[in-house]
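Novice: Mind looking at a prediction? Sequence and model below.
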Amino acid sequence: MMPVIYNSNLNDKTKIKLIAKQYGASCHNIVSFNSNYSDIYFVEVLKRAFSKMSLQGQTYINNSYFYQDKNNWWKDIYSKSTYYRLKKKYLSEFIHNVEETYAFFN
């Protein structure tokens, strides 16, 4: 399930979109009691990757990719240039944390 992050042909934005999609599917499987070990493992890896980030980074990734309830959530908080600067920083940090956490457990 996790090897998508090792696909060098994908950029970080694409990787995180795929991770977010799989996260939703895994959570659905877990709450519907239809999960297997890989669903639980995947969610645990993401939780650990998030725990390594600052609260600001967690908020950014969650609002931008995992819980997309409000498209322009950032406009009251950041300027456009700050938003895009942080996008690069937090995408890279999160993908790095996921890869590092996944590698640690394998």
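Specialist: Nice, I can see it. Quick caveat, the model's predicted, so the values are computed rather than measured.
Novice: roughly how far apart are the nearest residue to residue 20 once chain neighbours are set aside and residue 16?
Specialist: Residue nearest to residue 20 in three dimensions, not counting chain neighbours: residue 65, with 4.6 Å by CB to CB, 6 or more residues apart in numbering. The way it works is simple: take the backbone N, C-alpha and C, and place the C-beta from them, glycine included. From residue 65 across to residue 16, the span is 5 Å (CB to CB, to the nearest Å).
Novice: Of these two, which one has the most company?
Specialist: Of the pair residue 65 and residue 16, residue 16 is the one with more neighbours under other CB atoms under 10 Å, namely 22 against 18.
Novice: Where does that one fall, secondary structure wise?
Specialist: In the assignment (DSSP states H and E), residue 16 maps to helix 12-31.
Novice: buried stuff in that helix?
Specialist: 12, 15-16, 19-20, 22-23, 26-27, 29 (16 or more other CB atoms under 10 Å).
Novice: what's the next secondary structure element after that helix?
Specialist: Next helix or strand after helix 12-31 toward the C-terminus (DSSP H and E): helix 37-51.
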